[in-house]
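1. Build the 3D model from these lines:
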Amino acid sequence: MKKPIHTKQAPDAIGPYSQAVVVGDFVYTSGQLGLDPETMELEKGVEKQTERVFKNLEAVLQAAGCGLNDVVKAMVFLKDMDDFAKVNDIYGKQFDEPFPARSAVEVARLPKDALVEIEVIAKKQ
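-> Numbering: from 1, shown residues only. Below you'll find the predicted structure:
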């Protein structure tokens with residue numbers, strides 16, 4: 001059974017999808033952008049967007065009953081791979097070791113012309 005997750009502490013979905021879905025012990029989040037959940041406006045710059053992405057992910061994961069340290073896989077989508085070092089620095093501060101498995105790719109365009117989008121899979125304890 002799939003259980004949808006929704007929290008007002010993260011941006012509302014901007015399309016026909018859930019913020020996350022729980023299946024068994026696993027939580028699959030939708031990609032989070034650097035949107036402020038109150039204003040639905042993007043933060044300015046890749047660092048601020050990345051910090052907001054992690055706040056949004058943490059809120060969604062908490063609503064599902066887990067947290068960032070339960071993440072087993074992360075997928076990072078960047079508008080510009082030249083921003084990788086900046087995003088990677090912030091990313092590395094979000095998790096304790098062992099770090100999740102991760103993919104990082106440059107994409108042509110992200111929703112709302114965001115600079116970074118991250119989705120994760122977490123395993124509830």
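
2. Only C-alpha atoms from now on, for both contacts and neighbour counts.
-> Fine.

3. Could I get the full set of strands for the chain?
-> Using DSSP state E, the strands of the chain run over 2-5, 20-23, 26-29, 71-78, 101-106, 116-123.

4. Can you add mean pLDDT and distance to residue 48 and give those back as a markdown table?
-> Output for the strands of the chain, formatted as a markdown table (pLDDT from 0 to 100; distance: least, CA to CA, whole Å):
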| stretch | mean pLDDT | distance to residue 48 |
| --- | --- | --- |
| strand 2-5 | 98 | 25 |
| strand 20-23 | 98 | 22 |
| strand 26-29 | 98 | 20 |
| strand 71-78 | 98 | 14 |
| strand 101-106 | 98 | 18 |
| strand 116-123 | 98 | 10 |
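
5. Turn those into TSV, columns for distance to residue 53 and mean neighbour count.
-> Putting the strands of the chain into TSV (distance: least, CA to CA, whole Å; neighbours: other CA atoms under 10 Å) gives the following:
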stretch	distance to residue 53	mean neighbour count
strand 2-5	17	14
strand 20-23	14	20
strand 26-29	12	23
strand 71-78	11	20
strand 101-106	15	13
strand 116-123	7	22
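
6. Which among the ones you listed is found nearest to residue 94?
-> Closest to residue 94 of the strands of the chain is strand 71-78 (CA to CA; 10.5 Å).

7. contacts for the closest one?
-> Strand 71-78 has contacts (CA atoms under 8 Å, 6 or more residues apart in numbering) with 84, 99-107, 115-123.

8. can you dump the C-alpha coordinates of that strand into CSV?
-> The C-alpha coordinates for strand 71-78 follow below in CSV (Å, rounded to 0.1, in the frame of the first residue of the first chain):
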residue,chain,number,x,y,z
VAL,A,71,18.3,8.5,3.7
VAL,A,72,19.9,5.7,1.8
LYS,A,73,19.9,7.3,-1.7
ALA,A,74,19.9,10.8,-3.0
MET,A,75,19.5,12.2,-6.5
VAL,A,76,20.9,15.7,-7.2
PHE,A,77,19.9,17.6,-10.3
LEU,A,78,21.9,20.7,-11.1
